[in-house]
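1. Sequence plus predicted model, see below.
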Amino acid sequence: MISSSLEDVTKSGKNIVEILRNSKIGSYVYPVVAAEFANWRDEQRAWRDSAVLFDQSHHMAELTVEGPDAGRFLESLSINSFKNFPVDRAKHYVPVSPEGYVIGDVICFHLEEDQYVLVGRAPTVNWVEYNAKKGGHSVKTIRDDRSPSRPDGNKVERRHYRFQIQGPNAPQILEKLNGGPVPDIKFFHMDRINIAGRKVRALRHGMAGAPGLEVFGPYAEKDEIRAAILEAGKEFDLYQVGSRAYSTNTLESGWIPSPLPAVYTGEEMKAYREWLPADGYEATGSIGGSFVSDDIRDYYSTPWELGYGFYIKNDHDFVGRAALEKMQGRRHRKKVTFEWNGDDVAKVIASAFQRDDLPYKWIDFPVANYASSSFDRIMRGDRMVGLSMFSGYSFNERCMLSLGVVDDDVEIGDILTLVWGEPDGGTDKTATEKHRQAEIRVRVSAAPYAREARENYVESWRTRAA
């Protein structure tokens with residue numbers, strides 16, 4: 001049978017877990033932006049010590065939702081309340097399935113009275129677009145997909161550029177660009193600043209655990225805006241950050257970027273699975289790691305596990321509300337950072353230079369993930385007490401870190417064991433070589449790991465969840 005939809009894939013006779021664990025999609029690619037501008041170690045160091053320029057113009061999908069029902073429609077799909085969400089504000093927007101599990105998350109920008117823009121990975125954009133096309137609300141959508149992972153020299157165009165200027169020297173750079181003091185913009189609020197003679201919209205944000213602004217505008221203005229930022233940053237030790245270092249900032253700031261979208265189960269989601277294509281993210285994305293279960297639900301995440309529980313507001317009707325109300329009083333796993341033991345990491349890497357035995361699974365630097373969604377077992381003795389879900393190396397901390405979840409009785413400071421690598425020599429993923437598993441000691445640490453993010457992301461999910 002030729003599959004034309006995700007529903008066809010789930011009904012193909014193979015377990016969907018097996019299909020995703022053996023996906024041939026390869027490692028997740030951050031497209032178009034150069035891998036490095038200096039070297040990834042100095043680029044990481046710069047967001048802690050001086051300043052960086054992140055180019056976010058290419059790796060995220062964008063969906064504009066506009067019309068008289070836009071706000072009510074978006075709220076109907078989100079655990080978030082829109083009651084205090086005026087123009088020039090942004091929101092970390094989280095939809096869940098009817099079963100109460102996270103589909104994904106994006107940043108929702110409220111740009112005009114009846115216009116919002118969602119920016120993030122495909123699962124949430126797909127879900128919102130599908131529901132908009134079902135009808136029942138007076139809204140229209142404009143979709144701008146992420147840039148091709150491998151454009152092969154073809155010209156790439158987007159609707160908007162997106163840059164972030166971050167780090168302790170960011171305020172001086174922004175003031176120089178603006179020609180004077182910049183507005184005092186609160187976290188996740190927006191205002192306008194001057195760049196290269198243009199009024200540019202700016203969002204107070206801080207992905208790297210350091211202060212700064214995200215600026216965005218028409219893609220045709222991208223090159224001149226970037227040139228102005230780089231010129232202003234010369235005297236403030238500004239580094240452009242390449243695609244190798246970019247995604248590692250989340251290890252310090254505490255956001256788990258790629259939970260598995262909870263769309264593979266439930267009769268209520270069948271029509272959606274029939275709408276999703278067989279070559280889309282949900283059907284081809286890969287699962288990796290030492291945790292293996294036949295039940296795809298075991299890979300789903302609740303809002304509480306990802307640190308989003310405080311977003312849940314029952315002041316409006318939304319998909320999944322009834323399921324979340326039933327979960328409300330339960331004990332939930334919690335999000336933490338795992339600090340990997342350096343000697344154990346070195347042992348894993350050293351195995352690549354030993355000819356007599358099959359090597360352990362290679363640990364790539366600076367990002368160690370080899371699947372779209374990662375799930376490595378965290379053990380206390382013979383009992384699994386958590387999952388590691390996003391891993392990489394921080395030059396600022398001089399250690400491997402990973403983000404994940406643990407049972408609620410696990411404490412900060414506990415020493416546990418991470419099982420690295422897949423069983424039985426590994427799956428057939430193209431990013432997985434034949435290997436054996438390794439045990440790596442990990443210390444349970446706070447999320448966010450970086451002090452700046454814990455202390456200064458006031459009223460954000462990073463601090464409120466803790």
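-> Everything's here; your move.
2. show me where pLDDT drops low in the stretch 201-350 of the chain?
-> 207-211 (pLDDT under 70).
3. Show me the strands in it, by range?
-> With strands called from DSSP state E, counting those that start in this stretch, the stretch 201-350 of the chain shows them at 212-218, 238-241, 287-288, 334-340.
4. ok, Asp428 - how many residues close by?
-> The criterion is other C-beta atoms under 10 Å. On that basis, Asp428 has 10 neighbouring residues. For every residue, glycine as well, the C-beta is placed using N, CA and C.
5. That one and Ile25, how far apart?
-> Relative to Ile25, Asp428 is positioned 12 Å away (C-beta to C-beta, to the nearest Å).
6. same check, this time on Val348
-> Plainly put, Val348 is 25 Å away from Ile25 if you go by C-beta to C-beta.
7. Compare those two (neighbour count), which wins?
-> It is Val348, of Val348 and Ile25, that has more neighbours when counted by other C-beta under 10 Å, with 23 against 19.
8. Looking at the record's assignment, how would you partition this structure?
-> 40-59+150-253, 334-465 (automatic domain parsing).
9. Make JSON lines from those domains and add distance to Lys133 to it.
-> Formatted as JSON lines, the domains of the chain follow (distance: least, C-beta to C-beta, whole Å):
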{"stretch": "domain 40-59+150-253", "distance to Lys133": "19"}
{"stretch": "domain 334-465", "distance to Lys133": "25"}
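10. wait, Tyr116 sits on Leu74?
-> Yes - at 6.0 Å, Tyr116 counts as touching Leu74 under the criterion of C-beta atoms under 8 Å.
11. what residues do the two have in common as contacts?
-> Val65, Cys108 (C-beta atoms under 8 Å, 6 or more residues apart in numbering).
12. State the distance from the residue lying farthest from the centre of the chain to Asp344.
-> Distance from the C-alpha centroid of the chain peaks at Asp356, with 38.8 Å (C-alpha atoms, centre = their mean). Computed as C-beta to C-beta, the Asp356 to Asp344 distance reads 20 Å.
13. Let me know the helix or strand that Gly71 is in.
-> Element membership for Gly71, per DSSP states H and E: helix 70-75.
14. now for that helix, which elements pack on it?
-> Using 3 or more C-beta pairs under 8 Å, 6 or more residues apart in numbering; DSSP states H and E as the contact definition, the elements that helix 70-75 packs against are strand 115-120, helix 122-133.
15. could those go into JSON lines alongside distance to Ser12, mean pLDDT and mean neighbour count?
-> Shown next, in JSON lines, are these (distance: least, C-beta to C-beta, whole Å; pLDDT from 0 to 100; neighbours: other C-beta atoms under 10 Å):
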{"stretch": "strand 115-120", "distance to Ser12": "29", "mean pLDDT": "98", "mean neighbour count": "22"}
{"stretch": "helix 122-133", "distance to Ser12": "20", "mean pLDDT": "98", "mean neighbour count": "22"}
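16. Of those, give the one that comes closest to Met379.
-> helix 122-133 (29.1 Å; C-beta to C-beta).
17. Arg72 against His137, yeah?
-> Yes - counting by C-beta under 8 Å, His137 is a contact partner of Arg72 at 7.1 Å.
18. closest to Glu18 out of the domains of the chain?
-> domain 334-465 (8.8 Å).
19. Off-centre distance for that closest one?
-> 16 Å (C-alpha atoms, centre = their mean, to the nearest Å).
20. angle of the longest strand seen in the chain against strand 334-340?
-> With secondary structure taken from DSSP state E, the chain has its longest strand at strand 383-394. Interaxial angle, strand 383-394 versus strand 334-340 (axes from the mean of the first three to the mean of the last three C-alpha atoms, to 10 degrees): 60 degrees.
21. Just list what strand 383-394 packs against, helices and strands only.
-> helix 249-253, strand 334-340, strand 373-374, strand 376-380, strand 399-406, strand 415-420.
22. If we use 6 Å, what do you get?
-> Judged by 3 or more C-beta pairs under 6 Å, 6 or more residues apart in numbering; DSSP states H and E, strand 383-394 is in contact with strand 376-380, strand 399-406.
23. what's the burial count for the nearest residue to Ser247 once chain neighbours are set aside?
-> Leaving aside its sequence neighbours, Ser247 sits nearest to Val367 (C-beta to C-beta, 6 or more residues apart in numbering; 5.7 Å). Residues near Val367, counting by other C-beta under 10 Å, number 22.
24. Lovely, talk soon.
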